[in-house]
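K.L.:
Give me a 3D structure for the following:
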Amino acid sequence: MIKKIIIFSIVAIVLIGGYFLICSKNTEDSTEESTLFNYDIDQIEEIELQNGDTGKLVLVTDKDEITEIIGALNSFRYKTKTSKEPTDGWSFSITVNEETTRIYVNNDSTVEMDDFIYTSSTDGYFKEFIEKWMP
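P.N.:
Okay, here's the model as predicted:
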């Protein structure tokens, strides 16, 4: 009987510990703002934008436009990083210099990249960007 209680207690501790470990990895909330992008404008020759609703592709090669887009990406700050849950879609995607990693903008405040969703520290951060580049 005591052996069963000890085994049960160990299993319970392992399960509870595992639960807290998984929960702590799914979301990172911070009072500090974190930088997600650090692109060197001089190294970028093109940016591909794709509208998630229509599929329309826009290839940006103009240096002034690239500077504007990269400036917006590099200025993006996030406070929350969450493990990716299945989503219904995205507003638009950004691919820099034909990289294999796409940046998905799900709405005007969140970015999805590398199996994580990053929530902007500024509500509506991408609102004007979406209106300008994906009318």
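K.L.:
Just say helix, strand or coil for the spatially most central residue of the chain.
P.N.:
Centroid-nearest residue in the chain, with C-alpha atoms, centre = their mean: Glu112, separated by 3.0 Å. When classified by DSSP: H, G, I helix; E, B strand; the rest coil, Glu112 comes out as strand.
K.L.:
what sits against it?
P.N.:
Neighbour list for Glu112: 84, 87, 90, 103-106, 118 [criterion: C-beta atoms under 8 Å, 6 or more residues apart in numbering]. For glycine as for every other residue, the C-beta is placed from the backbone atoms N, C-alpha and C.
K.L.:
Which among those count as buried?
P.N.:
90, 103-106, 118 (16 or more other C-beta atoms under 10 Å).
K.L.:
Give me the subset of those that lies in strands.
P.N.:
103-106, 118 (DSSP state E).
K.L.:
what's across from the closest residue to Thr95 other than its chain neighbours in the sheet?
P.N.:
The spatial neighbour of Thr95 that comes closest, neighbours along the chain excluded (C-beta to C-beta, 6 or more residues apart in numbering), is Glu48 at 4.3 Å. Beta-bridge pairing for Glu48 (DSSP bridges): Leu59, Thr95.
K.L.:
number of nearby residues for Glu48?
P.N.:
Close neighbours of Glu48, defined as other C-beta atoms under 10 Å, add up to 16.
K.L.:
Pretty sure it sits against Leu59.
P.N.:
Yes: if you go by C-beta atoms under 8 Å, Glu48 and Leu59 touch, sitting 5.6 Å apart.
K.L.:
With only the CA atoms kept, save stretch 117-126 in PDB.
P.N.:
Listed next in PDB are the C-alpha coordinates belonging to stretch 117-126 (Å, rounded to 0.1, in the frame of the first residue of the first chain):
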ATOM      1  CA  ILE A 117       3.300  34.300 -32.900                       C
ATOM      2  CA  TYR A 118       4.700  37.700 -31.800                       C
ATOM      3  CA  THR A 119       2.200  40.300 -30.500                       C
ATOM      4  CA  SER A 120       3.200  43.900 -31.000                       C
ATOM      5  CA  SER A 121       3.700  46.100 -28.000                       C
ATOM      6  CA  THR A 122       1.800  48.700 -30.100                       C
ATOM      7  CA  ASP A 123      -1.800  48.000 -30.900                       C
ATOM      8  CA  GLY A 124      -2.400  48.300 -34.700                       C
ATOM      9  CA  TYR A 125       1.300  48.500 -35.500                       C
ATOM     10  CA  PHE A 126       0.800  47.200 -39.100                       C
END
